[in-house]
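[1] what shape does this take:
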Amino acid sequence: MSKARIKAAVVGANGYAGAEVLRLLSAHPRVELVAATSRTHAGKPVEEAFPSLPVGLTFSDTAAKELKGCDVVFTALPQTAGARLVGELTDGGARVVDLSADYRFDDIGLYEKTYGVTHPRRELNDSAVYGLCEVERERIRKAKLVANPGCYVTSALLPLLPLAEKGLLSDVIIDAKSGTSGAGRKSDEAYSYCTVDESFRAYGVFTHRHAPEISEKLGMPVVFTPHLLPIKRGILSTVYFRTNDPAAAESILKNAYVGERFVTYSDKLPEIAWAAHTNRCIYSARFDGERGIIVSVIDNLLKGAAGQAVQNMNIMFGFDEADGLPVCAPV
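    As a prediction, the model looks like this:
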């Protein structure tokens, strides 16, 4: 395997997910960071906006010539804002990892209904690969465009897909809680410290856009209710379901990801702190007759966004899958 470094850029690097991609790539042994774009901060050093990211770059706009010479571009723009740009980048020969929902859906009509837009590159959507790394690894290796899954979606799909594939899953209810960074880096009173501190609330009841994504990938309807935790980062999903073979379901859950570095079954019910600041998904399950409950935790900005995006890049370019990715949480 060649040890040459690839050239990478991050579009939308001023958001939480984009900034996390920058942070991970800056320490990646096989990557040379050549560009970071931001309409808000164009012309400013990255370190001026993020003193914790001394990456030696100045923010540019999305017309930067450096993007055209990249081996891989990460696009971290808001939903529906970057679909056309992603097409232009792939047309120009770059491989792209898109962190938005714009290329995640197999059913383009479902995407258009969910996000209320007309997709500008329907033909490109057909060739996009859904970037759930442990499930789609072989397709990701050859992909020109990888659609990074949603954060809530990742926490739910990783334990549920092995059951769905065996027909051992029905009546799924997902009760998920996320830290405030999941809402993005924006000025909004609803996510201010004084609003969220010492409080806890549900939102997007029956309307959250991750529900159709989860349903499509599982091949069945789900009830999904997200909640806002008064913490910075992390997701804990409690998933209720029925199964017609509890013993088989339990065995599948315990063995589905044996040997994987970033997805782990735990005999103990996991906590957010176990996965926060890592690229891991940790889950556990309990059964009472045909009723099952899964508790799954991830870091919404890492395994739920930037970490999985870098893991996808590692797979695409034949690097060690763990290059640049944290496995251990802070003590």
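[2] distance of Glu66 relative to Leu25?
    Noted for Glu66: a distance of 14 Å to Leu25, by CB to CB, to the nearest Å. Every residue, glycine included, has its C-beta placed from N, CA and C.
[3] ok now stretch 46-54, how far from the chain's centre?
    On the basis of CA atoms, centre = their mean, to the nearest Å, stretch 46-54 sits 23 Å off its chain's mean C-alpha point.
[4] how about that stretch: buried residues?
    For stretch 46-54, the neighbour count (16 or more other CB atoms under 10 Å) marks 46, 49-50, 53 as buried.
[5] as JSON lines, those with distance to Val327, pLDDT and secondary structure would be great.
    JSON lines is the format used below for the buried residues of stretch 46-54 (distance: CB to CB, whole Å; pLDDT from 0 to 100; DSSP: H, G, I helix; E, B strand; the rest coil):
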{"residue": "Val46", "distance to Val327": "26", "pLDDT": "96", "secondary structure": "helix"}
{"residue": "Ala49", "distance to Val327": "28", "pLDDT": "91", "secondary structure": "helix"}
{"residue": "Phe50", "distance to Val327": "24", "pLDDT": "93", "secondary structure": "coil"}
{"residue": "Leu53", "distance to Val327": "21", "pLDDT": "94", "secondary structure": "coil"}
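[6] wait, which of those residues is closest to Cys70?
    If you rank the buried residues of stretch 46-54 by distance to Cys70 using CB to CB, Val46 comes first, at 16.6 Å.
[7] quick one, what contacts the residue nearest to that closest one when sequence neighbours are not counted?
    Of all residues not flanking Val46 in the chain, Leu57 sits nearest, at 4.9 Å (CB to CB, 6 or more residues apart in numbering). By CB atoms under 8 Å, 6 or more residues apart in numbering, the contact set of Leu57 is 33-36, 45-46.
[8] restricted to buried residues, select those in ChimeraX.
    With 16+ other CB under 10 Å as the criterion, this ChimeraX line picks the buried residues out of the contacts of Leu57:
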select :33,34,35,36,46
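[9] so where do the strands sit in the stretch 101-250 of the chain?
    129-130, 145-147, 170-178, 201-202, 222-228, 235-242 (DSSP state E, counting those that start in this stretch).
[10] shaky segments in this protein?
    Confidence mapping of the chain against pLDDT under 70 gives the ranges 1-2, 64, 186-187.
[11] swap the cut-off to 90 and go again
    Residue ranges of the chain with pLDDT under 90: 1-4, 40, 61-69, 78-81, 182-198, 331.
[12] please name the nearest non-neighbouring residue to the most far-flung residue of it relative to its centre.
    Within the chain, the residue lying farthest from the chain centre (CA atoms, centre = their mean) is Gly289, at 32.9 Å. The shortest distance from Gly289 to any non-neighbouring residue, by CB to CB, 6+ apart, is to Pro246 (6.8 Å).
[13] how far away is the one you found from Leu169?
    Counting by CB to CB - Pro246 and Leu169 are separated by 12 Å.
[14] same thing with Tyr152?
    Counting by CB to CB, the separation of Tyr152 from Leu169 is 17 Å.
[15] those two: who's more crowded?
    Tyr152 (27 against 24; other CB atoms under 10 Å).
[16] correct me, but that one touches Asp175?
    No. In this structure Tyr152 lies outside contact range of Asp175 using CB atoms under 8 Å: 10.8 Å.
[17] what touches both of these two?
    Ser237.
[18] re earlier: which of the strands of the stretch 101-250 of the chain sits most buried?
    For the strands of the stretch 101-250 of the chain, the largest average neighbour count (mean count of other CB atoms under 10 Å) is found in strand 145-147, namely a mean of 26.
[19] how distant is that one from the center of its chain?
    For strand 145-147, the distance to the chain centre is 12 Å (CA atoms, centre = their mean).
[20] got the contact list for it?
    With contact meaning CB under 8 Å, 6+ apart, strand 145-147 is reached by 86, 90, 95-98, 101-104, 124, 127-131, 140, 312, 316.
[21] now do stretch 254-268
    In contact with stretch 254-268 (CB under 8 Å, 6+ apart) are residues 133-134, 158-159, 162, 253, 274, 279-285, 303, 311, 321-322, 325, 327.
[22] distance of Leu25 from Ala63?
    In this view, Leu25 and Ala63 are 21 Å apart by CB to CB.
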